[in-house]
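# how would this look folded up:
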Amino acid sequence: MSRQLYFECASGISGDMTVAALLDLGADEQVLRKTLGTLPIEEPYEIHISRVKKSSLDVCDFLVELPQDGEFFDHDMEYLHGHLHEHGHDHTHPHTHAHGRGPEEIREIFAASSMTDGAKAIANRILQVLAEAEAAVHGTDVSLVHFHEAGAVDSIIDIAATAICLDNLAVEGVIFTEMCEGHGSVRCQHGLLPIPVPAVTKIASAHGLKFRFLPVEGELVTPTGAAIAAATATSDVLPASMKILGCGMGAGKRSYDVPEILRVFLVETPEDDGAKDLGKDVIWKLETNVDDCTGEELGYVMEQLFAAGARDVNYTPVFMKKNRPAYELHVICDEECVPRMEEIIFRETTTIGIRRIPMERTVLSREVRSVETSLGTAGIKVCSVGGEEKIYPEYESMAKIARERNLPLRQVYDTVKEESEGK
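Alright, predicted model coming up:
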């Protein structure tokens, strides 16, 4: 049997919610406190672990208190979402962190602590995902990223605590099927940002995270929460059957029209005939024939479909009635995306009919990792097949290295694959 964690993100996910849920599930609080105490952080802080009521449920709460900060304005909902205060003024937020940190400085903090090698590896993966997203958002190199959110003490603690708890629970896999997100805008040190905030959007697109948008005003998924999912998920598909061994509930700090509870289940799944590496789910294939659209129009349709959440889009040259050369459009998507895909196809092409086919598929469990190579930090996807790992370098990461070093893409791909398989 295989022990895994299933994250039910019906109210989103953040770093403190994750730590609280894992503690509630059974991660050792004393191990956590003792290990966090070895992090070489000069700023004073206190850890508070308590029980709170959320939707009349008894839920664990994890709080990093920074005495010099005074009030916790992150939970002031009017300020957080850009509304005016009672005197009609938008106030400057007094809650700031004077000392931001770069990713290398944060890695040194992890390295100097008593965290296990496993916990350090998890923490560094989460940090790398955040660093890459911030670099993409601000148009700079990962090594030059200057963190505000992740550089703050409370976020460093959230990342380290998550890694310590995950390592302590010693599970064999982590399942994230989807994360629920709200809408509107949220205030940060860069001003008002749209929800999902840019860093979350970058993480979601780079790592294939699934989102479900709720009619709720507010930020449900934080960059740290998204990074935790991207860095630790080994599957995005629930097994056909599983035994629930336990459930932990972590409280969020904000007040939205959702319970603000993250539930994490400890589940046990069978490992019959190597099936532990395989997941089953259903996807939808949409097809239509188009014989009177230009190449420019077809290219634009493909862009629109991918932007709306299509898993794959391709065209096949065909001959239709009266020997007309044409293209057959194929779209692969999740069931909830079907109406959106069809709307785009009808709006942007001349077709008057679309074929819909539900298709079962078998997928390998996967894990996205960042590895250090002779060419620098590279992103790879690792899939398990019959107990063996298969390495797939990520295209965007390879292309970035090839452009920066002026090397052929194939050379970069082969180098990263060879060095990753040797680790």
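
# quick one: low-confidence parts of the stretch 1-150 of the chain?
Within the stretch 1-150 of the chain, the stretches with pLDDT under 70 are 1, 68-99, 147-150.

# Show the residue spans covered by the helices in it.
15-25, 29-36, 77-80, 103-111, 117-138 (DSSP state H, counting those that start in this stretch).

# Over to the stretch 151-300 of the chain?
Counting by DSSP H, counting those that start in this stretch, the helices of the stretch 151-300 of the chain are 153-169, 198-207, 223-232, 295-307.

# Comparing these, which comes out most buried?
The highest average neighbour count among these, using mean count of other C-beta atoms under 10 Å, belongs to helix 223-232 at a mean of 27. All C-beta atoms are positioned from the backbone trio N, CA, C, and that covers glycine.

# And the contacts of that helix?
Residues outside helix 223-232 that contact it (C-beta atoms under 8 Å, 6 or more residues apart in numbering) are 7, 9, 12-15, 17-18, 122, 125-130, 133, 149-150, 155, 158-159, 162, 166, 174, 176, 179, 197, 199-200, 203-204, 206-207, 209, 368.

# Neighbours of G12, how many?
G12 has 29 neighbours, counted by other C-beta atoms under 10 Å.

# And D414, by the same measure?
13.

# ok, and which of the helices of the stretch 1-150 of the chain has the densest surroundings?
helix 15-25 (a mean of 27).

# For E297, find the nearest of the helices of the stretch 1-150 of the chain.
helix 117-138 (29.6 Å; C-beta to C-beta).

# so what does that closest one touch, helix or strand wise?
Judged by 3 or more C-beta pairs under 8 Å, 6 or more residues apart in numbering; DSSP states H and E, the packing partners of helix 117-138 are helix 103-111, helix 153-169, helix 198-207, helix 223-232, strand 366-373.

# Let me see the mean pLDDT of stretch 204-223.
Averaged across stretch 204-223, pLDDT comes to 91.

# do you know how far the residue of the chain positioned farthest from its centre is from R340?
Computed with C-alpha atoms, centre = their mean, the residue of the chain farthest from its C-alpha average is K322, at 49.3 Å. Going from K322 to R340 by C-beta to C-beta, to the nearest Å gives 33 Å.

# T349 too?
15 Å.

# who has more neighbours, the two?
The neighbour count for T349 versus R340, taken as other C-beta under 10 Å, is higher for T349 (20 against 15).

# I'd say the more buried one and T294 touch.
No - with contact defined as C-beta atoms under 8 Å, T349 does not count as touching T294 (10.5 Å).

# sorry, back to before: would you list the helices of the stretch 1-150 of the chain in CSV and tack on distance to S420?
Listed next are those as CSV, based on distance: least, C-beta to C-beta, whole Å:
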stretch, distance to S420
helix 15-25, 27
helix 29-36, 29
helix 77-80, 41
helix 103-111, 19
helix 117-138, 14
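
# Looking at those helices, which is nearest to N314?
For the helices of the stretch 1-150 of the chain, proximity to N314 was assessed by C-beta to C-beta; helix 117-138 is nearest, at 26.3 Å.

# Now do stretch 368-378, average pLDDT.
88.

# Over to stretch 313-324?
87.

# ditto for stretch 245-263
89.

# mind checking the end-to-end distance for it?
Stretch 245-263 has an end-to-end distance of 13 Å (C-alpha to C-alpha, to the nearest Å).

# tell me which residues of it are tucked away?
Within stretch 245-263, the residues that count as buried by 16 or more other C-beta atoms under 10 Å are 248-252, 254, 256, 258-263.

# before we move on, the earlier item: hang on, the residue farthest from the centre of the chain is in a strand, isn't it?
No - going by DSSP: H, G, I helix; E, B strand; the rest coil, the assignment for K322 is helix, not a strand.

# Quick one: residues contacting it.
No contacts exist for K322 under C-beta under 8 Å, 6+ apart.
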